[in-house]
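Undergrad: Just the structure for this:
(chains A and B, ligands or ions: 2)
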Amino acid sequence: MNLALRDIRYHRGRFILTSIGLGLLLGVVMSMGGIYRGLFADALAVLNFTRADIWVVQQDTNGPFAENSRIPEETKYRISAVPGVAEASPLSFQTIQIERMGKPFRFYLIGHDLNGFGGPPLIIAGRNIRQKHYEMVVAKAMRMEIGEKIHLGLHDYTVVGITGKVVSASGDPAAYVSLADAQEIQFKKDNDAIRNDRVRIGANLAGIPSLSPAQAKFLRQNIAGITESTHTVNTVVARLAPGADLKEVQERISRWNHFRPISSEEQTKILTKGMIEKARKQLGLFRIILLVISAVIISLIIYTTTLDKIRTIATLKLIGSQNRVIVGMILQQSLLMGVIAYGIGYLLISLTYEKFPRRIVLEPSDLQALFVIVIAICTISSFVGIRKALKVEPAEALGG
Amino acid sequence: MYAIEVERLTKIYGKGETAVTAISDATFQVRPGELVAILGPSGSGKTTLLTAIGLINEPTHGKVVIDGAAVADEGWLPGLDLKRLRREKLGFIFQAHNLIPFLTALENVMIALEINRLTRREATERATELLASLNLGHRLHSYPTALSGGESQRVAIARALANRPKVILADEPTAALDTENGRNVMALLKKLAVENHSAILVVTHDRRMVEGFDRIFRVSDGRIVGEDGNGISRDFT
Ligand SMILES: Nc1ncnc2c1ncn2[C@@H]1O[C@H](COP(=O)(O)OP(=O)(O)OP(=O)(O)O)[C@@H](O)[C@H]1O
Ligand SMILES: [Mg+2]
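TA: Ligands and ions are numbered 1, 2, ... in the order given. Predicted coordinates for the structure are as follows:
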């Protein structure tokens, strides 16, 4: 006869409620783990979808995700020419926040060369960008319809396609436009601003006393060009030819002195170690705190249910039952509660994780590890109850 | 052979100034099939005597032999498996019937059998039979809270009898029952002593409950001060 099950059957209401409570707690622990993994997945989304071997960025910077990196668009030609490089493509990134339907609307705009790579990783509805201008592919999370228009910079952009779960390192959904459009949105000012700039810079430069009148004139004429130059990108990504040596290619690009070639492995490190390290630690710590709380709660539950059973335990001892019968009853109950609570937590999180505002990634290995931890906690927690139970004297069964 | 042999049994609780001698120098024997009452006022040491014989309260001095097995001589004898002796040789019945609340009547009896290594089938069979013989055939699947006091006590008796023990120890088995139920329980014990050939030791402080017992020990202040047996009163003092 299984005493643990009989007791649970008799006190099923209490047992179910306790398990649900514990299940909710474990659900939170699981979601913490999922958020933690989601943070990684988000941080690395653009990096991974781009599938580049090398990210060429401005010298002395950590690349487009960590800080401002500006390099001329033409760099792509020089990089394509490096032996070992199969293709190179420029990319620009900018976070845009506008007002849409009365609410702040934030997204991550990626400009890419329509003939290169780094564009939308997949199209789940509609089509990819075909026109050089004013077309846009947006991530599903932006909740925009195909055909919808959005005003950015000086023009309206039409959504022609929807892509999957591409987000910026901070979790903003991504939108893709052509590089030229992205540059225009980023750099092109309206006509007043251009005129103002032109006058201001021109006046400054022309006023330099050491310039000859001819030089000053020449400058003034060219200022328009300088202030309107938009052929700047944040990075040029490159893929290597099969068999090419990454180190060697990086060596070569470094030698030009204006660029830093970051391998995708280094880029991963920059993103995970640098940018989300604190959030990661915070979540990790929180997860540990929650597990400790779970452990304390489980111990308390086991301890109090053992106290409730002191008389039963004393009676069992009195009629000569072996210790293993008593230990088994407490341990099995504890484990069963852990397993059921885990199941409830898992059910809860698998039903809800897609509705979280930020990505939750449920890694089977994390879930398995948590299961092992829960089992360990239940086992250890039941020791407090078992210790108490083993100290019960059979004589305690006597008396009113 | 005696079912119970007690020689100069003494139990002292505590040490030094606070020591309480709950029972001192008790000597007696009980034969199989004998129904014996221990009668005495509150605090006289009845429970102490019963629990010392019941292997749940270590005697301070003296010898105890249960069903031919020496268990105590100036304390427990070394190397004893007290639990095993309890489940094989002894049956307990108490005032508060001590049924396990989350087990049905049937399961309460079965548990005693299962911890004594009977298979589930054997246990179910014997427990059902036993409960039926105690007029509880219709309450097999009731939980203790749904049983009356008398029914509960009968379930407890069934559990005590389950392993066909040589010795049954009952501490105030009728205290929680009305007179009629009390008499019924006593009559049942009497019947069992005869049928099962078990020695039954019943503690009570109610004189009215002990008619028809083979022997009656009177306990006062930790001493057995007299014995009434077969209608003849013999005083030890
Ligand atoms: N665990 C204990 N520690 C100390 N003293 C105890 C203990 N148990 C009993 N005593 C004392 O031993 C004496 C005998 O107690 P016991 O319980 O055997 O009496 P009893 O005859 O069963 O009384 P009652 O009829 O009230 O049940 C009492 O003075 C009691 O206070
Ligand atoms: Mg007593």
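Undergrad: what about the helices in chain A?
TA: Across chain A, reading from the start of the chain, the helices by DSSP state H fall at A:3-10, A:12-50, A:75-80, A:179-187, A:191-206, A:213-228, A:246-254, A:264-269, A:277-308, A:310-318, A:323-352, A:364-391.
Undergrad: For ligand 1, which of these is the nearest?
TA: Taking Cβ to the nearest ligand atom as the criterion, helix A:310-318 is the member of the helices of chain A that comes nearest to ligand 1, at 13.6 Å. Using the backbone N, CA and C atoms, a C-beta is placed for each residue, glycine as well.
Undergrad: is the closest one anywhere near chain B?
TA: Yes. In terms of Cβ under 8 Å from any Cβ of the partner chain, part of helix A:310-318 sits within range of chain B, namely A:Arg311, A:Thr312, A:Thr315, A:Leu316, A:Lys317, A:Leu318.
Undergrad: And for the third one, the neighbour number?
TA: If I follow you right, that is A:Thr315. A:Thr315 has 29 neighbours, counted by other Cβ atoms under 10 Å in any protein chain shown.
Undergrad: Name all residues that make contact with it.
TA: A:Ala397, B:Asn98, B:Leu99, B:Ile100 (Cβ atoms under 8 Å, 6 or more residues apart in numbering or on different chains).
Undergrad: For the last one, which residues are in contact?
TA: Under the criterion of Cβ under 8 Å, 6+ apart, the contact partners of B:Ile100 comprise A:Thr312, A:Thr315, A:Leu316, B:Glu107, B:Asn108, B:Ile111, B:Pro144.
Undergrad: Which two among these are spaced furthest apart?
TA: The widest separation within the contacts of B:Ile100, taken as Cβ to Cβ, falls between A:Leu316 and B:Pro144 and amounts to 14.7 Å.
Undergrad: From the chain's centre, how far out is stretch B:147-167? Work that out for me.
TA: Stretch B:147-167 has its average C-alpha position 11 Å from the chain's average C-alpha position, going by Cα atoms, centre = their mean, to the nearest Å.
Undergrad: List the buried residues of that stretch.
TA: When burial is assessed from 16 or more other Cβ atoms under 10 Å in any protein chain shown, stretch B:147-167 yields the following buried residues: B:147, B:150-163, B:165-167.
Undergrad: Can you tell me which of those end up in helices?
TA: The helices, defined by DSSP H, take in B:Gly150, B:Glu151, B:Ser152, B:Gln153, B:Arg154, B:Val155, B:Ala156, B:Ile157, B:Ala158, B:Arg159, B:Ala160, B:Leu161 from the buried residues of stretch B:147-167.
Undergrad: tell me the contacts of the fourth one?
TA: Each residue near B:Gln153 by Cβ under 8 Å, 6+ apart is listed here: B:Ile93, B:His97, B:Pro173, B:Thr174, B:Ala176, B:Leu177, B:Asn181, B:Val185.
Undergrad: surely B:Val109 meets B:Ala156?
TA: No. Under the contact definition of Cβ atoms under 8 Å, B:Val109 does not touch B:Ala156, with a separation of 9.2 Å.
Undergrad: Skipping adjacent residues, who's closest to the residue of chain A found nearest chain B in space?
TA: Scanning chain A for the residue nearest chain B gives A:Gly320, at 2.7 Å (criterion: Cβ to the nearest Cβ). Once its chain neighbours are removed from consideration, A:Gly320 has its nearest residue in B:Arg87; the separation is 2.7 Å (Cβ to Cβ, 6 or more residues apart in numbering or on different chains).
Undergrad: same check, this time on B:Gly40
TA: In space, B:Gly40 is closest to B:Val219, 3.4 Å off (Cβ to Cβ, 6+ apart).
Undergrad: who's in contact with the one you found?
TA: B:Val219 makes contacts with B:Ile23, B:Ile38, B:Leu39, B:Gly40, B:Ser44, B:Gly45, B:Lys46, B:Leu49, B:Val225, as judged by Cβ under 8 Å, 6+ apart.
Undergrad: would CSV of those residues with neighbour count and pLDDT be doable?
TA: Putting the contacts of B:Val219 into CSV (neighbours: other Cβ atoms under 10 Å in any protein chain shown; pLDDT from 0 to 100) gives the following:
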residue, neighbour count, pLDDT
B:Ile23, 29, 94
B:Ile38, 27, 94
B:Leu39, 22, 93
B:Gly40, 22, 92
B:Ser44, 23, 93
B:Gly45, 24, 93
B:Lys46, 26, 93
B:Leu49, 29, 94
B:Val225, 15, 88
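Undergrad: which of the residues you listed are close to ligand 1?
TA: B:Gly40, B:Ser44, B:Gly45, B:Lys46 (Cβ under 6 Å from any ligand atom).
Undergrad: thinking again about what came up before, I'd like the contacts of B:Ile100 written out as a markdown table, with distance to ligand 1 and pLDDT added.
TA: Formatted as a markdown table, the entries for the contacts of B:Ile100 read as follows, by distance: Cβ to the nearest ligand atom, whole Å; pLDDT from 0 to 100:
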| residue | distance to ligand 1 | pLDDT |
| --- | --- | --- |
| A:Thr312 | 21 | 93 |
| A:Thr315 | 18 | 93 |
| A:Leu316 | 20 | 94 |
| B:Glu107 | 29 | 97 |
| B:Asn108 | 24 | 96 |
| B:Ile111 | 26 | 95 |
| B:Pro144 | 22 | 95 |
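Undergrad: on that earlier part again, now, which of the contacts of B:Val219 sits nearest chain A?
TA: Proximity to chain A was ranked across the contacts of B:Val219 by Cβ to the nearest Cβ; first place goes to B:Lys46, at 11.4 Å.
Undergrad: Can you get me a residue count around the nearest residue to that closest one once chain neighbours are set aside?
TA: The shortest distance from B:Lys46 to any residue that is not its chain neighbour, by Cβ to Cβ, 6+ apart, is 4.4 Å, and that residue is B:Val203. Burial of B:Val203 is recorded as 26 neighbouring residues (other Cβ under 10 Å).
Undergrad: And the contacts of the host helix or strand of B:Val203?
TA: Counting by DSSP states H and E, the secondary-structure element that holds B:Val203 is strand B:199-204. Residues outside strand B:199-204 that contact it (Cβ under 8 Å, 6+ apart): B:2-4, B:30-39, B:46-47, B:49-50, B:53, B:166-175, B:186, B:189, B:192-193, B:210, B:213.
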